[in-house]
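# Sequence plus predicted model, see below.
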Amino acid sequence: MVLKEDMARRDSRGKEQIQEVVAMRQRLRHSAAHVMADAVLQLFPEAKIGIGPPTDDGFYYDFEVSRPFTPEDLEHIEAIMRERIAGDFPFQKETIDRDGARELLGEQPYKLELIDDIPPEEPISTYRHNEFVDLCQGPHVESTGKIAAFTLQTVAGAYWRGDENRPMLQRIYGTAFETSAALEEHLKLLEEAEKRDHRRLGRQLDLFSVHEEVGPGLVIWHPKGGKVRSIVEDYWRELHYRRGYDLVYSPHVGRSRLWQTSGHLDFYSEGMYSPMDVDGQEYYMKPMNCPFHIMIYRSDLRSYRELPLRYGELGTVYRYERSGVLHGLMRVRGFTQDDAHIFCRPDQVEDEVLGVLDLTFELLDAFGFTDYEIFLSTRPEKFVGDLEMWEHATRSLAHALDTRNLDYDVDEGGGAFYGPKIDIRIRDALGRSWQCTTVQFDFNLPERFNLTFQGSDGEQHRPYMVHRAIIGSMERFLGVLIEHYGGAFPLWLAPVQAVTIPIADRHVDYALEVKDALSGQGFRPEVDSRKERMNLKIREAQMQKVPYMLVVGDEEMSKGTVSVRLRSEENLGPIALSGLLDRMKDELRSRS
RNA sequence: GCCCACAUAGCUCAGAGGCAGAGCACGUUCUUGGUAAGAACGGGGUCGGCGGUUCGACUCCGCCUGUGGGCUCCA
């Protein structure tokens, strides 16, 4: 999870000014990292220091020390940092030669390694403040006193240069801002993110659970979470039928021969579970749906006339994920992809990509996601398939993005070995970005399964194949939705849309009538007929984030009205039942 | 998988080498109340699991499982 530069992003300053703020904070944070390393070296003179860059929302520095840092160490480090800041030492840049750098940092093996990796033609510079010198390109703030507000956050292990075969260093994370108000605001945002944590809300709203006895990364959906999920799925299906997809189903396991042919056993085995023995034959849980959809394609001879074929499936796959990476709904071992495979002719490629983009944005828009980051990943050094197809596909992806006036970054060489792709990240209500959508060409599987179609020339041709998932996985997407809405689902998604609250027992029958009227119109209402006080019922409905609370007592009963309270705490007062239904129907339509 | 931390009632959490605690939830009874908690009483625990140290372990140590923050990877 990354909290981006929210302050800068959210206000109405122009792009240049935002970049200015970002650059200023990078200098500030980078400088704070230096000051932190300075403080650590004072406390642990024997510490070996790694790297200490700014990040999107803070900074870190990696250290090798003889024992793990404790919370008390962090306090001491922070105290020394404050002294350094109070001392207002200037940051001084020096350009030195390689030997000078090696001599200066001779005690620091990690720094020596970094020096060795600097290309010979590049200048080497150091930054010094007080007695601390670090190999560094800069830039920095003028002096330590400019670090107006900072805090240290957590300690974590981190491999030297991200390589798990190299030593694990201890990383201290912190953040810094230009004013303490800005720091406060950032910390408040973190607090808000914690309140919206889908794992906490999942329990509070009784949406889902995971259990040690079931297994890590395996999600159980409770009735309310199941309701939200099925609404999302129904909408997904409707949209796909409307956009010309055929929906299919495939089994959860397949014989080893299938995975041999697909190449998964050769290239994806670390993501697959051990085989099970069925009548002496090996079967594997599916990590992907593609081979099954390919079987559908191959179940008949295909003519150019019937292409494109678009097979969609909410397909549940199982992948081995290393225990340390599992996280709530966001990273699990069993998940349902909104998968589809498109088989088409070369001349259809671009239209198909456009179709996927349009479908994507229509769907994401319905959930209130309007802020995207788009990445186009091109051919890596090692690849399969012929160059011409790669170029055609890559051009089609780029052209489709251009046609829809979408900004994107190009990740040169970042594609998979089997094809170029577009990835889309969405930003949620807190400005955090999540990878969901991926549109990926595949030049490998059609080859391996020898897919063909007969062209108008009577010859056999190889179809283009595109994998695509829009919401990615149901689990992750539901997790994102929970956090995006903070658990307060819009009416169309809310598992319980209205709670009718009778004030006294004699109002229960009327409350049931109101409920029936609502469910008669397709809504999802409940009646809270417990022998409890209205105040308690309102409190609980409020905490369950139910959109509509309908209080009924003597007055409502005699006039055929309901007193409407919204979860925003707005009290609409008594409204005729028909008026309420109209209002709710409008809200449903607008998906707001 | 690796580093660090954590695991006590259904939930959130306090506690501590010598009889296991609170709030909420749950059950019973009383209360029929007009927009965020009515009251009383009650049931509920192999203190994550297995070993070890000790007269004695929920507490200290080791291993395992799970969770959290990271690294790496990813839908």
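Happy to help now that I have it.

# Please report the distance of residue A:565 from RNA strand B.
Going from residue A:565 to RNA strand B by C-beta to the nearest atom of the strand, to the nearest Å gives 3 Å. (Each C-beta comes from the backbone N, C-alpha and C, glycine too.)

# how's chain A carved up into domains?
For chain A, automatic domain parsing gives the domain ranges A:6-195, A:216-250+A:286-481, A:498-590.

# how about the ones you listed in TSV, adding distance to residue A:256, mean pLDDT and mean neighbour count?
TSV is the format used below for the domains of chain A (distance: least, C-beta to C-beta, whole Å; pLDDT from 0 to 100; neighbours: other C-beta atoms under 10 Å):
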stretch	distance to residue A:256	mean pLDDT	mean neighbour count
domain A:6-195	29	89	16
domain A:216-250+A:286-481	12	95	18
domain A:498-590	45	95	17
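
# so which of those comes closest to residue A:202?
Closest approach to residue A:202 among these (C-beta to C-beta): domain A:216-250+A:286-481, 7.0 Å.

# So for residue A:488, which of the domains of chain A sits nearest?
domain A:498-590 (4.4 Å).

# Quote the end-to-end distance of that closest one.
Distance between the two ends of domain A:498-590: 17 Å, counting by C-alpha to C-alpha, to the nearest Å.

# and if you look at stretch A:275-288?
Where stretch A:275-288 begins and where it ends lie 15 Å apart, using C-alpha to C-alpha.

# Residue of the stretch 251-400 of chain A nearest RNA strand B, please.
Residue of the stretch 251-400 of chain A nearest RNA strand B, by C-beta to the nearest atom of the strand: residue A:324 (2.0 Å).

# Checking that residue next. Helix, strand or coil?
helix (DSSP: H, G, I helix; E, B strand; the rest coil).

# How about the contacts made by residue A:382?
By C-beta atoms under 8 Å, 6 or more residues apart in numbering, the contact set of residue A:382 is residue A:417.

# So it lies in a helix, does it not?
No - assessed with three-state DSSP, residue A:382 is coil; it does not lie in a helix.

# which phi and psi does it have?
phi -100, psi 120 (degrees, to the nearest 10).

# which helices and strands sit right next to the longest helix seen in chain A?
In chain A, with assignment by DSSP state H, the single longest helix is helix A:15-43. Helix A:15-43 makes packing contacts with helix A:6-10, strand A:48-49, strand A:59-64, helix A:71-87, strand A:124-129, strand A:132-135, strand A:168-177 when contacts are defined by 3 or more C-beta pairs under 8 Å, 6 or more residues apart in numbering; DSSP states H and E.

# let's see 7 Å
Secondary-structure packing of helix A:15-43 (3 or more C-beta pairs under 7 Å, 6 or more residues apart in numbering; DSSP states H and E): helix A:6-10, strand A:59-64, helix A:71-87, strand A:132-135, strand A:168-177.

# Need these in TSV (columns: distance to residue A:126).
TSV is the format used below for the helices and strands packed on helix A:15-43 (distance: least, C-beta to C-beta, whole Å):
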stretch	distance to residue A:126
helix A:6-10	30
strand A:59-64	16
helix A:71-87	17
strand A:132-135	5
strand A:168-177	21
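
# The residue of the stretch 251-400 of chain A closest to RNA strand B and residue A:539, how far apart?
39 Å (C-beta to C-beta, to the nearest Å).

# Specify the local secondary structure of the residue nearest to residue A:436 when sequence neighbours are not counted.
Leaving aside its sequence neighbours, residue A:436 sits nearest to residue A:472 (C-beta to C-beta, 6 or more residues apart in numbering; 3.9 Å). Using three-state DSSP, the secondary structure recorded for residue A:472 is strand.

# what about the one helix or strand residue A:588 maps to, distance to the chain center?
Using DSSP states H and E, residue A:588 sits in helix A:577-590. Its chain's C-alpha centre and that of helix A:577-590 lie 33 Å apart, by C-alpha atoms, centre = their mean, to the nearest Å.

# That one - contacts with which helices or strands?
So helix A:577-590, by 3+ C-beta pairs under 7 Å, 6+ apart, packs with strand A:561-566.

# and the strand it packs on, which strands flank it?
Strand A:561-566 has its sheet partners listed here by DSSP bridges as strand A:548-552 (antiparallel), strand A:571-576 (antiparallel).

# Any idea which of the ones you listed gets closest to residue A:448?
Residue A:448 lies closest, by C-beta to C-beta, to one member of the strands paired with strand A:561-566: strand A:548-552, at 53.9 Å.

# what about that closest one, distance to the chain center?
On C-alpha atoms, centre = their mean, the centre of strand A:548-552 falls 36 Å from that of its chain.

# right, so of the strands paired with strand A:561-566, which gets closest to RNA strand B?
Evaluated over the strands paired with strand A:561-566, closeness to RNA strand B peaks at strand A:548-552, with 3.8 Å, by C-beta to the nearest atom of the strand.

# Does residue A:507 touch residue A:551 like I think?
No - using C-beta atoms under 7 Å, residue A:507 is not in contact with residue A:551; the gap is 9.2 Å.

# ok so, going back, next one: the longest helix of chain A to chain centre, how far?
Mean-position distance between helix A:15-43 and its chain equals 26 Å (C-alpha atoms, centre = their mean).

# now that helix against helix A:71-87, angle please.
Orientation of helix A:15-43 against helix A:71-87 (axes from the mean of the first three to the mean of the last three C-alpha atoms, to 10 degrees) gives an angle of 110 degrees.

# Helix A:15-43 near RNA strand B anywhere?
No - applying C-beta under 7 Å from any atom of the strand, one finds helix A:15-43 out of contact with RNA strand B, separated by at least 14.5 Å.

# that older thread, could I get the strands paired with strand A:561-566 as JSON lines with distance to residue A:341?
Listed next are the strands paired with strand A:561-566 as JSON lines, based on distance: least, C-beta to C-beta, whole Å:
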{"stretch": "strand A:548-552", "distance to residue A:341": "41"}
{"stretch": "strand A:571-576", "distance to residue A:341": "48"}
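
# What are the neighbouring residues in contact with the residue nearest to the spatial centre of chain A?
Among the residues of chain A, residue A:434 comes closest to the average C-alpha position under C-alpha atoms, centre = their mean, at 2.3 Å. By C-beta atoms under 7 Å, 6 or more residues apart in numbering, the residues touching residue A:434 are A:425-426, A:428, A:480.

# wait, is it part of a strand?
Yes - the assignment for residue A:434 is a strand, going by three-state DSSP.

# how about the residues of the stretch 201-350 of chain A near RNA strand B?
A:203, A:210, A:212, A:215-217, A:319, A:321-328, A:331-333, A:335, A:337.

# measure residue A:88 to residue A:32 for me?
According to C-beta to C-beta, residue A:88 stands 14 Å off from residue A:32.

# ah, wrong one, I meant residue A:559
Distance, residue A:559 to residue A:32, by C-beta to C-beta: 64 Å.

# How about residue A:212?
Distance of residue A:212 to residue A:32, computed by C-beta to C-beta: 40 Å.

# for residue A:181, same thing?
For residue A:181 relative to residue A:32 (C-beta to C-beta), the value is 17 Å.

# Spatially nearest residue to residue A:335, not counting backbone neighbours?
Setting aside the residues directly before and after it, residue A:335 is nearest to residue A:473 in space (C-beta to C-beta, 6+ apart), at 4.1 Å.

# With residue A:449 instead?
Leaving aside its chain neighbours, residue A:449 sits nearest to residue A:294 (5.0 Å; criterion: C-beta to C-beta, 6+ apart).
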